[in-house]
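# structure, please.
(chains A and B)
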Amino acid sequence: DIQMTQSPSSLSASVGDRVTITCQASQDIRNYLNWYQQKPGKAPSLLIYTASYLETGVPSRFSGTGSGTDFTFTISNLQPEDIATYYCQQYDSLPLTFGGGTQVEIK
Amino acid sequence: QVQLVQSGGEVKKPGASVRVSCKAFGYAFTNYGISWVRQTPGQGLEWMGWISADNGNTNYAQKFQDRVSMTTDTSRTTVHMELRSLRSDDTALYYCARGGDRPYDALDFWGQGTMVAVSS
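Numbers count the residues shown, from 1 in each chain, chains lettered A, B, ... in the order given. Prediction:
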């Protein structure tokens, strides 16, 4: 199985800050990487697919880059409503696997 | 709009089976597949498998291969997931999520989750 390693596991930032989360795959997954947001008590929701494509309706302050084994997710201007846990997920091979999550809090 | 509505929470004893349903609304049901993902505090998000809503083709994670079954009912736009021989570590929140017509895809809509508790 492909292991997905996210870092950091948690972070605290101020409103308006730029926040960056990294995700590393244990092998080359090309650009088959998605990012999800999960707010407390809610199901995950898709933000970014295929490494860098913004899902319809998702604010442009969210972005993703990367290919191969190293990927980055960025929130350019952190808002209070962005408090959530963020997960990466690979779909290059089965089983689909997720990173351990990054919990984002407001300082 | 697209919605996936799951059945209610369950409490089961070890060794029992559980069946969770996922009813789809607002899209062409047979054009997509459904993945099942469970979430536990210890294991995070864990993909269990995928089913084609159209023809019932499945692809299960090896970890669950011997204990899980997924079925589709196109007339009711509903997918079912059965997990057998339950253990305490199967206690989790189970989600269905819409994917593509193959298992390698993003999961763009999720159900609300079904809590399954396994306890003697």
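# for B:V68, name its beta-bridge partners.
B:L83 (DSSP bridges).
# can you give me the neighbour number for it?
Residues within reach of B:V68, counting by other Cβ atoms under 10 Å in any protein chain shown, total 17. For the C-beta atoms, the positions are set from N, CA and C on the backbone; glycine is no exception.
# now do the contacts for it.
B:W36, B:M48, B:G49, B:Y60, B:M81, B:E82, B:L83, B:R84 (Cβ atoms under 8 Å, 6 or more residues apart in numbering or on different chains).
# that one and chain A, how far apart?
B:V68 sits 12 Å away from chain A, going by Cβ to the nearest Cβ, to the nearest Å.
# please tell me the pLDDT value assigned to that residue.
Here, the pLDDT recorded for B:V68 equals 98.
# how close does B:G111 sit to chain A?
Using Cβ to the nearest Cβ, one gets 7 Å for the distance from B:G111 to chain A.
# wait, that residue touches B:C22, no?
Yes - counting by Cβ atoms under 8 Å, B:C22 is a contact partner of B:G111 at 5.4 Å.
# the two: which is more packed in?
Neighbour count, other Cβ under 10 Å: between B:G111 and B:C22, B:C22 has more, with 28 against 25.
# ok, then the element right after the helix or strand hosting that one?
Using DSSP states H and E, B:C22 maps to strand B:18-25. Counting by DSSP H and E, the next helix or strand C-terminal to strand B:18-25 is strand B:33-40.
# quick revisit: list the buried ones in the strand holding B:C22?
Going by neighbour count (16 or more other Cβ atoms under 10 Å in any protein chain shown), the buried part of strand B:18-25 is B:V18, B:V20, B:S21, B:C22, B:K23, B:A24.
# rewinding a little: now do the shared contacts for B:G111 and B:C22.
B:L4, B:V5, B:Q6, B:C96.
# put the buried members of those into a PyMOL selection.
Those of the shared contacts of B:G111 and B:C22 that count as buried under 16+ other Cβ under 10 Å are selected in PyMOL with:
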select buried, chain B and resi 4+6+96
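# among the shared contacts of B:G111 and B:C22, which ones lie close to chain A?
Among the shared contacts of B:G111 and B:C22, proximity to chain A is found for none (Cβ under 8 Å from any Cβ of the partner chain).
# turn the shared contacts of B:G111 and B:C22 into a markdown table, columns for pLDDT and secondary structure.
Shown next, in a markdown table, are the shared contacts of B:G111 and B:C22 (pLDDT from 0 to 100; DSSP: H, G, I helix; E, B strand; the rest coil):
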| residue | pLDDT | secondary structure |
| --- | --- | --- |
| B:L4 | 98 | strand |
| B:V5 | 98 | strand |
| B:Q6 | 98 | strand |
| B:C96 | 98 | strand |
